[in-house]
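K.L.:
Sharing a sequence plus its predicted fold:
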Amino acid sequence: MTQGVRGTRDFYPEDMRVRNWLFERFHEAALSHGFEEYDAPLLENEELYTRKSGEDISQQLYNFEDKGGRKLALRPEMTPSLARMVMARSGALALPIKWYSIPQCWRYERTQRGRGREHYQWNVDIWGMEGVEADAELISVLVHFFKSVGLSSDDLVIRVSSRKVLEEVLGSLGIAGDDFSKTCVIVDKMDRLPPDVIEAQLQDLGISPESVAQIQKILGIGDLAGIEDALGSGSDAITEIQSLFSLVESYGAGGWMEFDASIVRGLAYYTGPVFEVQDRAGELRAICGGGRYDRLLGTLGGKDLPATGFGFGDMVVMELLEAKGLVPDLSTGNSDVVFGMGPELRGAAMTVASTLRSKGRNADLVLEDKRMKWVFRHAERIGAERLVMVLPDEWAKGIVKVKVLETGEESEVSLDSLC
RNA sequence: GCUGUGAUGGUGUAGCGGUUAGCACGGUGGGUUGUGGUCCCGCCGGCCCGGGUUCGAGUCCCGGUCACGGCCCCA
C-alpha cells in the first residue's frame, strides 16, 4: 500500500533539497550561456518514438492505450518532443534557438543500480546552426556545470567522435543512407555483444566480414592523429573534428575532451559530432551523451533543420557526486520558528509571523499547543536560525523574545522593529 | 527474458530452534530547567502472506508476494 510503482523514486524533503540543488546547477549553466527553458507533456503519441532503425528505445517504451483507444507513451527522451515543437513553428522561430529543459523521462525495463524506470534528464539543444561552433558551445555548457558542482577534468572526460568518420569509412564500402544509420546502431554495441552476434547483424545489412574488420580497426583509434592517418587529412570528418577541438580549446576546456572513434551512440538520428561524458575511473555508466542530428525533422516528415544537443541524466551524476563527497549539506531554508505561549497568544503569534514574512523571513509558525521543550527540539531539527517567542508578559508590552539558536543570544524586540 | 540476496515497531537495525523479541530515531507523558535545546525516567508500537517440519518456528523447509542487486539490453 505504501509502495510506489516499480522503478520510481519518492523525493522526501531531504531528497528534494538535493535534487533542487542539482537542478539549480543545471539551470544556472544553461542560463549563463543564453539558453531558454521550455517544457512539453510527459505523454506523447507512441508513434513519435516507433522508428524503423532497429533502436531498442521502442522496445523499452513505457506505453499504453488511453480510454479513447489512443496509443500513448511516457516520453523516453525529450528530443522527439522538442523536434515536434520546433517543427510546429518551423517558419516562425527566429534562428538559431537555444533551449533547455529538465524533463522526467521514462522507460520500461529491468531496474538496476542507477537505472530506474524514471529519471530526470537535463536536455540542452541548439537548432538552426550547422557549424561546430554550436557543438563547442554545448561542451562549454557541460564544463561550466561540472565546475559548478566541483568536478574537474581529473574526474571526467568528454569523449568525442563524429558519425562522419564512420560515414566515410562505410561510404567507401558502399553503405549509405538508411543502412548507415542501422549500422551505427549495431556498431554502438560492439564492445558489449559477442563478435559473432555483431557480425551476423552486420551481414544482414550486406556488410562483409572483411568490412567488419575494417570498421573495427577504425573504431580502435583513440587520438586525432591516428584518425587523420586512417582517413586522410583532406576528409570532411577530420576537418570538422579538428575544428571542434580547436574551438573547445578557445573556451579553455581543451583538457576535458578526447577523441575516441569508438563513440558512436545508439540512436539512429545522429549525423555529425557525437560525444559521451565518462568518469575517468571508468566505474560508472556514461553520465551524459549527445551529438548532432541534422536530419531528424526530415524523418518526422518535416523539412530538415540542423540541430545538436545532449541529454544528461540525474542518477549517474549523483552517484559520482556522492562518491566524491561533493553533495553539500543543505538546510531546510527555514530561518525563524515563531511560537506563541498558550492558545490565547495564537493570534498574536500569527501577527508576529506575518510581520516577519512581510520582511522576507521564512517563518515556521507553531500552529498547535506545544510545550517549550518540543519547540526547541523542533527548531533545532529543522535547522532554524532563530526562535521568536510570544510570551504573555512581554506581549502585553508589545515585545517578543528573539533567541539566536546557535549562540544562545537572546533579545527583546518590539513588534515594529522586528526583522 | 535469466539469475542472486533479502523481508523484524512509523523509520533504521540486533536476534539464527525455547529471549518478557533488544537498541537507536520517532510519537507520547513526566523529572531537571528561566514555561527553554543537552540530560534522566515511564509509556506507545513489530517478526510480509499461506502451507509444512518440530514438544516448540522471527529463526529450518516449500510456495506466493514485494524489494534490492547481477546478467541480457540500454535513452
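P.N.:
Perfect, thanks for sending it.
K.L.:
Which stretches in the stretch 151-300 of chain A count as helices?
P.N.:
Applying DSSP state H, counting those that start in this stretch to the stretch 151-300 of chain A gives helices spanning A:163-172, A:178-187, A:195-204, A:209-219, A:224-231, A:236-250, A:296-299.
K.L.:
can I get those helices in TSV with mean neighbour count?
P.N.:
C-beta coordinates here come from the backbone N, C-alpha and C atoms, glycine included. As requested, those are exported to TSV (neighbours: other Cβ atoms under 10 Å):
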stretch	mean neighbour count
helix A:163-172	20
helix A:178-187	21
helix A:195-204	14
helix A:209-219	16
helix A:224-231	16
helix A:236-250	18
helix A:296-299	19
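K.L.:
Please tell me how far the residue nearest to residue A:179 when sequence neighbours are not counted sits from residue A:356.
P.N.:
With sequence-adjacent residues excluded and distances taken as Cβ to Cβ, 6 or more residues apart in numbering, residue A:179 is closest to residue A:205, at 5.4 Å. In this view, residue A:205 and residue A:356 are 69 Å apart by Cβ to Cβ, to the nearest Å.
K.L.:
Could you check which of the two has the larger neighbour count?
P.N.:
Neighbours per residue (other Cβ atoms under 10 Å) separate residue A:205 from residue A:356, with residue A:356 holding more: 22 against 15.
K.L.:
I'd assumed the more buried one was in a helix, is it?
P.N.:
Yes - counting by DSSP: H, G, I helix; E, B strand; the rest coil, residue A:356 is located in a helix.
K.L.:
And the nearest residue to it once chain neighbours are set aside, how close does it get to residue A:388?
P.N.:
Among residues not flanking residue A:356 along the chain, residue A:363 sits closest, at 4.3 Å (Cβ to Cβ, 6+ apart). Using Cβ to Cβ, residue A:363 is found at 8 Å from residue A:388.
K.L.:
Which one's more surrounded, these two?
P.N.:
A count of neighbours by other Cβ under 10 Å puts residue A:388 above the other of residue A:363 and residue A:388, at 25 against 21.
K.L.:
partner residues bridging the more buried one?
P.N.:
residue A:338, residue A:402 (DSSP bridges).
K.L.:
Am I right that it is in contact with residue A:402?
P.N.:
Yes - Residue A:388 is in contact with residue A:402 according to Cβ atoms under 8 Å; the separation is 5.3 Å.
K.L.:
Show me the common contact partners of the two, please.
P.N.:
When Cβ atoms under 8 Å, 6 or more residues apart in numbering defines a contact, the residues bordering residue A:388 and residue A:402 alike are residue A:418.
K.L.:
Residue A:87 is in what secondary structure piece?
P.N.:
Using DSSP states H and E, residue A:87 sits within helix A:79-88.
K.L.:
Chain A - how does it break down into domains?
P.N.:
Annotated domains of chain A cover A:13-323, A:336-417 [automatic domain parsing].
K.L.:
quick one, which of those is packed in tightest?
P.N.:
Mean neighbour counts were taken over the domains of chain A using mean count of other Cβ atoms under 10 Å, and the top value, a mean of 18, falls to domain A:13-323.
K.L.:
who in the stretch 201-350 of chain A is up against RNA strand B?
P.N.:
Contact residues (Cβ under 7 Å from any atom of the strand) of the stretch 201-350 of chain A with RNA strand B: A:265-267, A:285, A:288-289, A:311-313, A:341-342.
K.L.:
In TSV: the residues you listed, plus pLDDT.
P.N.:
Below are these laid out as TSV (pLDDT from 0 to 100):
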residue	pLDDT
A:265	82
A:266	73
A:267	75
A:285	81
A:288	92
A:289	92
A:311	94
A:312	94
A:313	91
A:341	88
A:342	83
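K.L.:
Could you point out which of those residues is nearest to residue A:113?
P.N.:
Closest approach to residue A:113 among these (Cβ to Cβ): residue A:285, at 9.6 Å.
K.L.:
if I pick that closest one, what's in contact with it?
P.N.:
Here residue A:285 is in contact with A:114-115, A:316 (criterion: Cβ under 8 Å, 6+ apart).
K.L.:
Same question for residue A:117.
P.N.:
Contacts of residue A:117 (Cβ under 8 Å, 6+ apart): A:5-8, A:62, A:106-109, A:111.
K.L.:
One more: residue A:310?
P.N.:
Residue A:310 neighbours (Cβ under 8 Å, 6+ apart): A:123-125, A:138, A:142, A:275, A:288-291.
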